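A.B. asks: from the sequence below, what's the structure:
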Amino acid sequence: MKILSWNINGLGALAKGAQIKDLVRKVIPTLICVLETKLEVIDRFTLKSPGVRGDWSFSYVGSNGASGGILVAWDELCWISVDELIGNYSLFVVLQRVEDASKVVFTGVYGPSLRVENRRFWEELNVVRDWWVFGWCIDGDFNEIRFVCERSGCRRSTRNMIASNDFIAKHELVELPLARARFTWNRGESQSRIDRIFICPGWLNLVTDVYQRSLIHHCPILLDPRLESWGPPPFRFEIAWLQAPSMKERLGEWWSFVKSEGPLDVVIGCKLRFVKKKLREWVKEKRALDQNRK
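C.D. replies: Sure, this is the predicted structure:
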């Protein structure tokens, strides 16, 4: 199962259609999820824009004018559609694998940009998910981060961040690590991680890779079981750093700097990520000073 997901910010534009078509030819996915299509109606002719062949089926959520829109398309040589449900913010498709007749639920989501709609968004996902017991993969643009460190300039947790983590914990979802990228959206100096893929624990043999394009604000995400990279190497703390002048005081200041709310594991995770970031900056500065002394 190879899934390509991309917030294209307007599927009807010729330039963007060419970009996604080029990527589809390179990675050859078996399922495509295109977000923010900005199209109220999608037909077979429109489906040619992402570069899919004639032996593909699709379902979609029409946009609200020039806002939103979800397209999910799958290769009929690999998948057979069994059931589906179209929501306001999501598209649930139950697919049966041709190879072994196993069934999975794939959900493409486009989260609301207005805070007043956040509660309805999570309620929709919770209610519909309970209809099926098959393995689940939920993918899309959630328009929200999970941790403070996932958005530049963010220092406090919000209610929707807490709601998103509660939802993940309730359904025992696993978020796959991103390779080759830390953020999935950028505009100027603003960066955040709002495009995500979650799977049920039974799919932990799958990994995710990210291909970034400088011409767009969202980068596409590729989920491929054959990829071996789990992203950059893990960060390692060197005990010798504690011998540096005022290091213990610095660690205390960095740890106290992040004011986060929510479950204890979420709070600790945010603090650790911030401390890791500051340590990397400190190490970089230290190496530069050592080089100048030489």
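
A.B. asks: helices of this structure, start to end?
C.D. replies: 14-27, 44-47, 118-129, 159-170, 247-257, 264-293 (DSSP state H).

A.B. asks: can you add distance to Leu223 and mean pLDDT and give those back as a markdown table?
C.D. replies: In short, each C-beta sits where N, CA and C put it, glycine included. Output for the helices of the chain, formatted as a markdown table (distance: least, CB to CB, whole Å; pLDDT from 0 to 100):
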| stretch | distance to Leu223 | mean pLDDT |
| --- | --- | --- |
| helix 14-27 | 10 | 76 |
| helix 44-47 | 21 | 78 |
| helix 118-129 | 19 | 91 |
| helix 159-170 | 17 | 88 |
| helix 247-257 | 34 | 90 |
| helix 264-293 | 23 | 82 |
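
A.B. asks: now do the contacts for Gly153.
C.D. replies: For Gly153, the contact set (CB atoms under 8 Å, 6 or more residues apart in numbering) comprises Ser190.

A.B. asks: how near is Trp255 to Val105?
C.D. replies: Distance, Trp255 to Val105, by CB to CB, to the nearest Å: 40 Å.

A.B. asks: those two - which one has more neighbours?
C.D. replies: Val105 (23 against 14; other CB atoms under 10 Å).

A.B. asks: and of the helices of the chain, who's closest to Ile199?
C.D. replies: Closest to Ile199 of these, according to CB to CB: helix 159-170, at 11.2 Å.

A.B. asks: tell me how this structure divides into domains.
C.D. replies: Domains of the chain are assigned by automatic domain parsing as 3-224, 239-293.

A.B. asks: tell me the most buried of those domains?
C.D. replies: Most buried of the domains of the chain, by mean neighbour count (mean count of other CB atoms under 10 Å): domain 3-224, with a mean of 17.

A.B. asks: contacting residues for the closest residue to Gly12 other than its chain neighbours?
C.D. replies: Leaving out its chain neighbours, the residue that sits closest to Gly12 by CB to CB, 6 or more residues apart in numbering is Leu39, at 5.9 Å. Shown in contact with Leu39 (CB under 8 Å, 6+ apart): 11-12, 46, 60, 62-63, 69, 71.

A.B. asks: roughly how far apart are Leu39 and Gly69?
C.D. replies: In terms of CB to CB, Leu39 sits 5 Å off from Gly69.

A.B. asks: what sits in contact with each of the two?
C.D. replies: Common neighbours of Leu39 and Gly69 (CB under 8 Å, 6+ apart) are 11, 60, 62-63.

A.B. asks: measure Asn9 to Glu36 for me?
C.D. replies: Asn9 is 5 Å from Glu36, by CB to CB.

A.B. asks: enumerate every residue touching the nearest residue to Glu124 once chain neighbours are set aside.
C.D. replies: The spatial neighbour of Glu124 that comes closest, neighbours along the chain excluded (CB to CB, 6+ apart), is Gly87 at 4.9 Å. By CB under 8 Å, 6+ apart, the residues touching Gly87 are 61, 124, 128.

A.B. asks: so where's the protein uncertain?
C.D. replies: 14-17, 49-54, 177, 179-181, 202-218, 224-236, 262-265, 294 (pLDDT under 70).

A.B. asks: could you rerun that using 50?
C.D. replies: 205-216, 227-231 (pLDDT under 50).

A.B. asks: follow-up on the earlier one: closest to Val24 among the contacts of Gly87?
C.D. replies: Val61 (20.4 Å).

A.B. asks: quick check: the closest one touching Val93?
C.D. replies: No. With contacts counted by CB atoms under 8 Å, Val61 stays clear of Val93, the gap being 11.1 Å.

A.B. asks: common neighbours of those two, please.
C.D. replies: The contact lists of Val61 and Val93 share Gly108, where a contact means CB under 8 Å, 6+ apart.

A.B. asks: can I get the helices of the chain in TSV with distance to Ile145?
C.D. replies: Below are the helices of the chain laid out as TSV (distance: least, CB to CB, whole Å):
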stretch	distance to Ile145
helix 14-27	25
helix 44-47	31
helix 118-129	13
helix 159-170	6
helix 247-257	18
helix 264-293	10
